[in-house]
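**Student:** Below is the structure, and that's it, no one-letter string:
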């Protein structure tokens, strides 16, 4: 896979923040599209990981004001 520039990576991170969590995707809210949406989520997660980004940390990076500020 080819490298993407920082601006494109930042855009992908931002878009990922607005994607539904996989466990929130259901037939009621997304009739007939569950498998496609889950596949799309996985593709974006894979591209983020290929570029050294932990998908679980993206939201805290993009929206630090909403980050879980644990004191542990």
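**Tutor:** Received, thanks. What you are looking at is a predicted structure, and each value in this text was computed from that prediction instead of being measured.

**Student:** Chain neighbours aside, what residue packs nearest to residue 54?
**Tutor:** residue 48 (7.6 Å; Cβ to Cβ, 6 or more residues apart in numbering). C-beta: built from backbone N, CA, C; applies to glycine.

**Student:** Next one: that neighbour from residue 22, what distance?
**Tutor:** Distance, residue 48 to residue 22, by Cβ to Cβ, to the nearest Å: 14 Å.

**Student:** before we move on, what about residue 29?
**Tutor:** Distance of residue 29 to residue 22, computed by Cβ to Cβ: 13 Å.

**Student:** before we move on, what about residue 12?
**Tutor:** 17 Å.

**Student:** what does residue 44 give?
**Tutor:** From residue 44 to residue 22 the distance is 11 Å (Cβ to Cβ).

**Student:** More neighbours: which of the two?
**Tutor:** Set side by side, residue 44 and residue 22 show more neighbours around residue 44, with 17 against 12, by other Cβ atoms under 10 Å.

**Student:** Please give the element, helix or strand, for that one.
**Tutor:** According to DSSP states H and E, residue 44 maps onto helix 34-50.

**Student:** Just list what that helix packs against, helices and strands only.
**Tutor:** Applying 3 or more Cβ pairs under 8 Å, 6 or more residues apart in numbering; DSSP states H and E, one finds that helix 34-50 contacts helix 6-17.

**Student:** in the helix it packs on, what counts as buried?
**Tutor:** 9, 12-13, 16 (16 or more other Cβ atoms under 10 Å).
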